[in-house]
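model this:
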Amino acid sequence: MATDYAPSTREHLPRRHRVPAVLRAPFEARAWRELLYVLLSLPLGIVGFTFAVTTLSLGAGLLVTFIGIPVLAAGLMTLRGLGSVERTRARALLGLDVEAPRPVRGAKPGPMSWIGAVLKSGVSWRHLLYGFLHMPWAIFSFTVAVVFWSVGLAGVTYPLYGWAAPDDSGISLYSDRDGAVYLDTPLTILLTFSVGVVVLLAAPWVTRGLVSVDRLAVAGLLGASALDHRVSELESDRGVVVDTAAADLRRIERDLHDGAQARLVALAMDLGLAKEKLAQDPDAAAKMVDEAHGEVKVALQELRDLARGIHPAVLTDRGLDAALSAVASRCTVPVQVEVDLPARPAAAIEGIAYFTVSELLQNVSKHAQATRASVDVWETGGRLMLQVSDNGRGGADTSRGSGLAGLGERLDAVDGVLVVDSPTGGPTTITAELPWRG
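Have a look, this model is predicted:
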């Protein structure tokens, strides 16, 4: 498996603004998107609360009859539809991408199985809870956000419209029987403007704090459950395993067809020619048999290499220490192998660890331009740790569809992790973590 060792790439640092963030915030699109989210939350919260109350009260009230069960299921599905609207709104206005829950599927065909699946789904009841909680919070956040933005904008623009008050007295800030306070002097106008600037500068940050609660609510109540995430991961891992197995079968077929099979066909032809010449020219026949003998040795070596690539016998018989030492001996640079394991892990994990180190050492031989390498294997916290290091030129990268990306996918299929530390100029350290499963 080839790994791309790329030349150095320039890291793009975020552009620095000359204007501080606190002064930019009211004029950024993000602030207005978050304000729009808060403003839309109130009507949508009322709709969701209405559906939640109607669903629970009507469904519970009709439970004494059979009608209550399908009514409750239909209401829960409606709330799931509203949850989809909320996730779309959060994605568009807040940049929050929440994975949608898995669709409800009954264990058996038929409406009763589907109704049972809806009622047993924790996701459905989380959507109901969101419908109850969202409206009170939407009222609070709507009120706070509107007050901050309206007071801020009104104060900042007061010098522009204050003159329009009757009798040029300005707007009344306070009044009772004893008198009134008007914002009509230059000092009060300046103070009003200053307060407006402060409130307007604070408004985007207050709104951002409010929508942070919405972020938590949407992600926690309207997203996929932990079980859904796990099922999705397993489905993805299953696809990777199937693709990997298919690729391995194609590799074995190709190696057999282009290697040992081709040699054996040529060997059969050579032996046939030698048989024909045996009576007429024994010396030539003996020479051809001798050449055929050499071809047999080469074919046997190729078959041994192929068998070693499928699953080496030394790994089964003697474990990782001996198997990795054998791999290291075939590397083009000196490799120091250190294996410290209290016992042998599961056979499948042991095989994956062997092939991971084999691929990484192959990369060292082909691409790293190193003069030495090392392999360390140990167990910690119920995890099998592998670390392959070399003093080569570095630049190994998993983000460009390289061989390391494929290796990382294989490890991920068994809940493993691949971490690459390979700065340009080296050295390179690649660490793999696998479950022990002994």
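
quick check: residue 219 touching residue 94?
No - contact criterion CB atoms under 8 Å: residue 219 and residue 94 do not qualify, at 10.3 Å. Using the backbone N, CA and C atoms, a C-beta is placed for each residue, glycine as well.

looking at those two, which one has more neighbours?
Using other CB atoms under 10 Å as the criterion, residue 219 and residue 94 rank with residue 94 on top: 19 against 15.

and the pLDDT at that one?
Residue 94 carries a pLDDT value of 91.

any regions of the stretch 251-400 of the chain where pLDDT drops low?
Residue ranges of the stretch 251-400 of the chain with pLDDT under 70: 251-263, 265-267, 270, 276-279, 294-295, 297-313, 398-400.

in it, which spans are strands?
335-340, 373-380, 383-390 (DSSP state E, counting those that start in this stretch).

list the contacts of the shortest one.
Contacts of strand 335-340 from elsewhere in the structure, counted by CB atoms under 8 Å, 6 or more residues apart in numbering, are 320-321, 324-325, 328-329, 361, 364, 372-379.

show the buried residues in those residues.
Among those, those classed as buried by neighbour count (16 or more other CB atoms under 10 Å) are 320, 321, 324, 328, 361, 364, 373, 374, 375, 376, 377, 379.

report the contact partners of the first one.
Just to be clear, that refers to residue 320. When contacts are counted by CB under 8 Å, 6+ apart, residue 320 touches 339, 341, 344, 350, 353, 354, 377.

report the buried members of these.
Among the contacts of residue 320, those buried by neighbour count (16+ other CB under 10 Å) are 339, 341, 350, 353, 354, 377.

farthest-apart pair in the residues you listed, please.
Pairwise distances across the buried ones among the contacts of residue 320 peak at 12.9 Å for 341 and 354 (criterion: CB to CB).

and residue 432, what are its phi and psi?
Per-residue torsions, residue 432: phi -120, psi 140 (degrees, to the nearest 10).

can you count the residues close to it?
When counting by other CB under 10 Å, one arrives at 24 neighbours for residue 432.

surely it is in contact with residue 412?
No - between residue 432 and residue 412 there is no contact under CB under 8 Å: 10.8 Å.

quick one: residue 358 and residue 327 touch, right?
Yes - in this structure, residue 358 is within contact of residue 327 by CB under 8 Å, at 5.1 Å.

shaky segments in the stretch 1-150 of the chain?
Along the stretch 1-150 of the chain, segments meeting pLDDT under 70 span 1-17.

helices of that one, start to end?
All helices of the stretch 1-150 of the chain, identified by DSSP state H, counting those that start in this stretch, fall at 21-24, 29-61, 68-94, 111-120, 122-156.

in CSV, list those along with distance to residue 290.
CSV is the format used below for those (distance: least, CB to CB, whole Å):
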stretch, distance to residue 290
helix 21-24, 83
helix 29-61, 80
helix 68-94, 74
helix 111-120, 74
helix 122-156, 74
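
to residue 368, which of the ones you listed lies closest?
With distances scored as CB to CB, the stretch of the helices of the stretch 1-150 of the chain nearest to residue 368 is helix 68-94 (42.5 Å).

re earlier: relative to residue 138, which of the contacts of strand 335-340 is nearest.
Looking across these and measuring by CB to CB, the closest to residue 138 is residue 379, at 51.8 Å.

who's in contact with the closest one?
Counting by CB under 8 Å, 6+ apart, residue 379 makes contact with 340, 341, 342, 345, 385, 436.

now it: how far from residue 432?
Residue 379 sits 13 Å away from residue 432, taking CB to CB, to the nearest Å as the criterion.

what is in contact with the two at once?
Jointly contacting residue 379 and residue 432 under the rule CB under 8 Å, 6+ apart are residue 385.

how about the contacts of strand 335-340, which pair is most distant?
Farthest pair in the contacts of strand 335-340 (CB to CB) is 372 and 379. Separation: 25.1 Å.

mind listing what residue 70 touches?
Applying CB under 8 Å, 6+ apart, the residues near residue 70 are 111, 115.

can you rerun that using 10 Å?
Residues near residue 70 by CB atoms under 10 Å, 6 or more residues apart in numbering: 59, 62, 111, 112, 114, 115, 118, 119.

okay, the residues you listed in TSV with neighbour count next?
Listed next are the contacts of residue 70 as TSV, based on neighbours: other CB atoms under 10 Å:
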residue	neighbour count
59	20
62	15
111	10
112	12
114	18
115	19
118	22
119	16
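
of those, closest to residue 268?
Closest approach to residue 268 among these (CB to CB): residue 114, at 63.7 Å.
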